[in-house]
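Colleague: Provided below are the primary sequence and the corresponding predicted coordinates.
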Amino acid sequence: MHKFSSNQFLRLDGGYYDIPNSNYRAPDYFSTYSGGTGTYTDNIERSFHGNVQYNFSLHRQTITVGAEARQDMASNPVYALSNWRSPNTLDGQDSATIGHSYNVANYVQDEFSLTERLHIVAGGRYEYWQTYNGETNGYSASLPLTLFPNHSANSLTGKLGATYGLPGDWTIRASIGTAFRNPDINELYSTFSFYGMTFAGNPNLSPERDRSFEFGVHKRFGSRADFDTDFFQNNISDLIYSECVDPSACESYYFMNVNAAGGRTRGVEAAVRAQLFSWLTFRPSYTFTNAIITSNPDDLYSVGKHVPNIPDNMFAGQLIGQHKKWTAALTGRYASGSFASTDNDNQSPLKGVPGANDPYFLLNANVAYHINSHLQVFVTGDNLLDRHYYLYYLAPGRAVYGGIRLKF
């Protein structure tokens, strides 16, 4: 971040994310725990992102203008195993899928005060998304190399919100808006099989679009504590979920990601900030979400059922400590299990296998040392308890890494 003056600054940020080695072995349908044929799948995923943002403040008004870009790649080679319990029994490549996508966006936001108590936020965003260079290969005459055509979409979305201050350190707020979510790289290109079931990506997916409403209340208790609660609702069109695309596919347990439904999520969030000591802050939060499928011409029985992949309950708690040049945070996070992508009828929740959405608790930590106002070194530990759970794929285990942050 660079400050030009007290009322204007420029912020630049970017990052690179790489999973060079994420793999699993799965048995074929007639194999057993002790052995048999199977597959070895290697999931390779990389992404880049960058953002530039300019802020300018004048009297009671703050204007933000920015642009961002993101590029993703996923590769999904699958190999045959003569013994699924041993990764050293590779017996040729069964298939491979690869694809890329990118997003570019421009946005502007205006925040201003009509009175001392009434504040307005209005913003707009234009986004363009494209998936490209997609292909799949089954290495056989019946499943030859297939090239997917490029696929793109764009969207103009916006938000309007207001906050109003009440006596007694109370504040109420409300907002309406629209949003755009493109399919992620795994929904587009990742395909895997498990015990005879195949879960297929779909490079022809269209983005989800959302209309949302939110109402909240904030209360301050002096300088040492405050409380927030929000009610929210989202109405989603072109909802992405996994279904049997035809009767013959269902008989062979073949599921594909499709745009075939509308959904509605409704819920409540609550959060507290408590200043336990001058150097220690505690921030607990809770979110309840009720998400249902509201329309689905291809599967009428699923209407009214819970949307897969969205947990009902999420808890989090964070302890943040600061002392001189040191900053540390310990974060615990729990999410209840949710129905898997293939279980639109909410009949048979999966647990502990690929494709499942298990309940989980994570403990993460971060320690940073500020060498000066421009340079910071940090160490981060994720999943410190080394919990093993599935969120479609097996989630990463314990990871510790470090780095430096530069500010200009």
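Modeller: Sure thing, it's come through. Owing to the predicted nature of the structure, the values given are computational and were not obtained by experimental measurement.

Colleague: what's the next secondary structure element after the least confident helix or strand in the chain by mean pLDDT?
Modeller: Each helix and strand of the chain was given a mean pLDDT (mean pLDDT, DSSP states H and E); the minimum falls on helix 247-251 at a mean of 53. Downstream of helix 247-251, the next assigned helix or strand under DSSP states H and E is strand 254-277.

Colleague: Quick one: mean pLDDT over that following strand.
Modeller: Per-residue pLDDT values over strand 254-277 give a mean of 90.

Colleague: Mind listing the strands that strand pairs with, and their directions?
Modeller: Using DSSP bridges, the strands paired with strand 254-277 are strand 197-200 (parallel), strand 225-243 (antiparallel), strand 280-295 (antiparallel).

Colleague: which residue packs closest to residue 202, ignoring adjacent ones?
Modeller: Of all residues not flanking residue 202 in the chain, residue 257 sits nearest, at 4.5 Å (CB to CB, 6 or more residues apart in numbering). (C-beta placed from N, C-alpha, C; glycine too.)

Colleague: So what sits opposite that neighbour in the bridge?
Modeller: Beta-bridge partners for residue 257, by DSSP bridges, are residue 242.

Colleague: Ok, residue 362 next?
Modeller: Going by DSSP bridges, residue 362 is paired in beta bridges with residue 333.

Colleague: what about dumping the CA coordinates of stretch 16-32 to PDB?
Modeller: C-alpha atoms of stretch 16-32 as PDB (Å, rounded to 0.1, in the frame of the first residue of the first chain):
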ATOM      1  CA  TYR A  16       0.300 -17.600  -6.300                       C
ATOM      2  CA  TYR A  17      -1.300 -20.800  -5.200                       C
ATOM      3  CA  ASP A  18       0.000 -24.200  -6.100                       C
ATOM      4  CA  ILE A  19      -0.900 -27.800  -5.200                       C
ATOM      5  CA  PRO A  20       1.900 -29.800  -6.700                       C
ATOM      6  CA  ASN A  21       1.000 -33.100  -5.100                       C
ATOM      7  CA  SER A  22      -2.500 -34.000  -4.100                       C
ATOM      8  CA  ASN A  23      -3.500 -37.600  -4.900                       C
ATOM      9  CA  TYR A  24      -5.600 -40.500  -3.800                       C
ATOM     10  CA  ARG A  25      -6.200 -44.200  -4.600                       C
ATOM     11  CA  ALA A  26      -9.700 -45.700  -5.000                       C
ATOM     12  CA  PRO A  27     -10.900 -49.300  -5.400                       C
ATOM     13  CA  ASP A  28     -13.000 -50.500  -8.300                       C
ATOM     14  CA  TYR A  29     -16.500 -51.600  -7.600                       C
ATOM     15  CA  PHE A  30     -15.700 -55.300  -7.100                       C
ATOM     16  CA  SER A  31     -12.500 -54.800  -5.100                       C
ATOM     17  CA  THR A  32     -12.300 -55.300  -1.400                       C
END
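
Colleague: which residues touch residue 323?
Modeller: When contacts are counted by CB atoms under 8 Å, 6 or more residues apart in numbering, residue 323 touches residue 279.

Colleague: could you measure residue 220 against residue 364, distance?
Modeller: Residue 220 sits 28 Å away from residue 364, taking CB to CB, to the nearest Å as the criterion.

Colleague: quick one, which of the two is more surrounded?
Modeller: Under the criterion of other CB atoms under 10 Å, the comparison of residue 220 against residue 364 puts residue 364 first, with 17 against 14.

Colleague: Could I get the pLDDT score of that one?
Modeller: Residue 364 is assigned a predicted lDDT (pLDDT) of 97.

Colleague: Check the closest residue to it other than its chain neighbours and give its pLDDT.
Modeller: The shortest distance from residue 364 to any non-neighbouring residue, by CB to CB, 6+ apart, is to residue 331 (4.7 Å). Here, the pLDDT recorded for residue 331 equals 98.

Colleague: Report whether the expected contact of residue 331 with residue 380 is present.
Modeller: No: Residue 331 is not in contact with residue 380 according to CB atoms under 8 Å; the separation is 10.5 Å.

Colleague: Give me the phi and psi for the nearest residue to residue 109 once chain neighbours are set aside.
Modeller: Distance criterion CB to CB, 6+ apart; nearest residue to residue 109, sequence neighbours excluded, is residue 123 at 3.5 Å. Per-residue torsions, residue 123: phi -150, psi 160 (degrees, to the nearest 10).

Colleague: Just the buried residues of the host helix or strand of residue 4, please?
Modeller: Element membership for residue 4 (DSSP H and E) is strand 2-5. Across strand 2-5, burial judged by 16 or more other CB atoms under 10 Å covers no residue at all.

Colleague: Next secondary structure after that strand?
Modeller: Strand 2-5 is succeeded, C-terminally, by strand 8-27 (DSSP H and E).
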